[in-house]
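**Student:** take a look and give me a structure for this.
(chains A and B)
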Amino acid sequence: MATIRVVIAKPGLDGHDRGARVIARALRDAGMEVIYTGLRQTPEQIVTAALQEDADVIGLSILSGAHMHICPAILKLLEEKGLRDVLVVVGGIIPDVDIPRLKAIGVQGIFPPGTPMQEIVDFIRKHARTRVESV
Amino acid sequence: MKGATSDLDIAKRASRRTSFTTVSGRPVAELYTPADVATIDYRRDVADPGEFPYTRGIHPTGYRGRLWTMRQFAGFGTPEETNARYTQLLAAGGTGLSVAFDLPTLMGRDPDHELSLGEVGKCGVNVASLADMEALFDGIDLGTVTTSMTINSPAAMIFAMYLVVAEKQGLSWQTLSGTIQNDILKEFIAQKEYIYPPRPSMRLVTDVFAFCAEQVPKWNTISVSGYHIREAGATAAQELAFTLRDGIEYVQYGIEAGLEVDAFVPRISFFFNSHSDFFEEIAKYRAARRIWARVMRDRFGAKSPRSWQLRFHAQTAGVSLTAQQPYNNVVRTALQALAAVLGGAQSLHTNSLDEALALPTAEAATLALRTQQIIAYETGVANVVDPLGGSYFVERLTRDLEEEAIGYIERIDAMGGMVEAIERGYPQKEIAESAYRFQQAVERGERVVVGVNEFVEGDEEPIGTLYIDHTVAEQQCARLARVRAARSDAAVRASLQRLQEAARGAANLMPPLLDAVRAYATIGEMCDALREVWGEYEEVPVI
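**Tutor:** Residues are numbered from 1 along each chain as shown, chains lettered A, B, ... in the order given. The predicted model follows:
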């Protein structure tokens, strides 16, 4: 099985990166290749990173309440760049009312506070695109 | 006979677990006895409350003279909305204000900047110019309330706005009382809301020290904060050590800037987390007072007892709150608040039950305040000073935490100081390690989080939460446009130019900032003026 490549990003102005760092390590310990972008990335920077890193998954950590602005911008850019098969997941503080809205625009996994790391690992393994390895 | 238990059976019963540790992973013994405190000398190490080294508290009478300040951190949306919440908190018996700013304000960006998209008014109140600050404190007499403002990189700019509002209320700055957080080191270490590189950032801090020593003598010029360090994953000992070492760094930089130690150290205050491990937290506060008193007297030669006395605000641990079964958070918060009170906090914020989900509703915020009032007025714990002093366990734990913290402080000293340690990523890495270890312990079930990995309920009924809509950004951008149209652009430009000249030289930056604020320069304009001179800091991302 090919290694799953994940870009973990912190969009917006928030600097609380405990969740992003912990999950980045958990995914790496689970055998995935993890690229952590660092703080305060714009949607353009995140999508560019995903393209350059040939990522299968983009994991966003958002705690500030800006998710309804940031997620649509990222999904639109992915669409424009032909990266529709990149799995987008979000962790952080997401009000219940926004969960169906995020799913409707194509965010597949939404992980609120208290989600076990293993659940996120399993979700990504199940839903990340399958690659055809070139020989 | 099945079911019956004799005393003999109890004596032989095996422990529930192979090891017992605090929430920080510190092993604790089954029982503490006089042997555990044999090397602790009461007069030298503990002493009565109000006596050096203040282990038992800085006031001889504890809370008998005055209860702690019940200071609830609040801010969201527009200045008008937050002003209404303050009015309600004061009417409900709150005794001080505490301002939460939104991310654009914390990062020195105007609400119409592209990076502010989706962030305006979300995590706190948006303040872009003096006009917003005037609306925020409308009808509130700054001469009678004390105000704490959680602002760091742009602390000097926001403080200048507050001073000008007071000026407009006809108040003398000499009478104002309150706190600005102004603690940039913990931003680099943990919360990551920095703008400028560490050294010019430290100059802003020491300029505020120098300005206040003369002009605003009752103001707490900094709140050296362990809260965020703990929330980012630090253990209790790491929180204690990094916070106190930050305090040492500020004192060192203040002295190097030409200040006399007893002229500014008494205005330094602290801010600690109050986490879930009850005795460890109480011991942490007692150890903090002891270490600080000795460092100030022996390392810096401070002569004034007010320089030796560590005063602190505490906030219950946001990170311990769970989105699952949110009413459990009321209980967690009450116990954490009790630890802060037994540890001798000067002021306290209790979190609301819904804060793992959103900013608190008015009802949840009121319940959090009531929690403090019940501790203060019903439990009797405030009647006796340091009631746990002399407990074999608490005294031993106090000393163990002190020793571990001093070990960290010495390691950072050997690196050349906290600025150098930050540049090497040392505290950041230590905290990230602890955070990951804790999460692993939770997932392995070694740490029980009620309602999350044990005692779980399916299909919970969601609770109502505060929802901040996008019209806040529109309103704030509209007011900003009105401010820009009404002010004199020439006056703003001239004031920003003077600010840049001061930044290139050595003059105190507060006077030019006050002039820029009076001309209605925005926070983005003031911060950009200094970005042009000093550049911006970027962290190397590591996992």
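
**Student:** all helices for chain A, in order.
**Tutor:** Assigned by DSSP state H, the helices in chain A fall at A:18-29, A:43-52, A:67-80, A:98-105, A:117-127.

**Student:** let me know whether the fourth one sits next to chain B.
**Tutor:** No - with Cβ under 8 Å from any Cβ of the partner chain as the criterion, chain B is not reached by helix A:98-105; the gap is at least 9.0 Å. All C-beta atoms are positioned from the backbone trio N, CA, C, and that covers glycine.

**Student:** show me what that helix is packed up against.
**Tutor:** helix A:67-80, strand A:109-111 (3 or more Cβ pairs under 8 Å, 6 or more residues apart in numbering or on different chains; DSSP states H and E).

**Student:** deepest in the core, which of the helices of chain A is it.
**Tutor:** helix A:18-29 (a mean of 21; mean count of other Cβ atoms under 10 Å in any protein chain shown).

**Student:** for it, packing partners?
**Tutor:** Other helices and strands packing on helix A:18-29, by 3+ Cβ pairs under 8 Å, 6+ apart, are strand A:5-9, strand A:33-36, strand A:57-62, strand A:87-92, helix A:117-127, helix B:426-443.

**Student:** give me the pLDDT for residue 41.
**Tutor:** This is for chain A. At A:Gln41, the pLDDT value in this model is 91.

**Student:** to clarify, I was referring to chain B.
**Tutor:** With respect to pLDDT, B:Asp41 scores 98.

**Student:** torsion angles phi and psi at it?
**Tutor:** Here is the backbone geometry of B:Asp41 (degrees, to the nearest 10): phi -100, psi 130.

**Student:** one more: B:Glu525?
**Tutor:** phi -70, psi -40.

**Student:** re the thing from before, Serialize the helices and strands packed on helix A:98-105 to CSV and add fields for distance to chain B and mean pLDDT.
**Tutor:** Shown next, in CSV, are the helices and strands packed on helix A:98-105 (distance: least, Cβ to the nearest Cβ, whole Å; pLDDT from 0 to 100):
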stretch, distance to chain B, mean pLDDT
helix A:67-80, 3, 95
strand A:109-111, 11, 97
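
**Student:** nearest to B:Gln373, out of those?
**Tutor:** Nearest to B:Gln373, of all those, is helix A:67-80, at 35.6 Å by Cβ to Cβ.

**Student:** got a list of what the residue nearest to B:Ile158 when sequence neighbours are not counted touches?
**Tutor:** Spatial nearest neighbour of B:Ile158, excluding adjacent residues (Cβ to Cβ, 6 or more residues apart in numbering or on different chains): B:Ile151 at 4.5 Å. Applying Cβ atoms under 8 Å, 6 or more residues apart in numbering or on different chains, we find B:Ile151 in contact with B:99, B:101, B:105-106, B:158-159, B:180-182.

**Student:** most neighbours among the residues you listed, which one?
**Tutor:** Within those, neighbour counts (other Cβ atoms under 10 Å in any protein chain shown) peak at B:Thr105, which reaches 31 neighbours.

**Student:** tell me which element that residue is part of?
**Tutor:** When secondary structure is defined by DSSP states H and E, B:Thr105 falls within helix B:103-106.

**Student:** what helices or strands is the next helix or strand after that helix leaning on?
**Tutor:** Next helix or strand after helix B:103-106 toward the C-terminus (DSSP H and E): helix B:130-136. Other helices and strands packing on helix B:130-136, by 3+ Cβ pairs under 8 Å, 6+ apart, are helix B:79-91, helix B:155-168, helix B:471-486.

**Student:** the helix or strand just after helix B:130-136 pairs with which strands, and in what direction?
**Tutor:** For helix B:130-136, the following helix or strand on the C-terminal side (DSSP H and E) is strand B:147-150. If you go by DSSP bridges, strand B:147-150 pairs up with strand B:96-100 (parallel), strand B:178-180 (parallel).

**Student:** which residues are in contact with the last one?
**Tutor:** Strand B:178-180 is touched from outside by B:96-97, B:145-149, B:151, B:155, B:158-159, B:162, B:208, B:219-223, B:269, B:313, with contacts defined as Cβ under 8 Å, 6+ apart.
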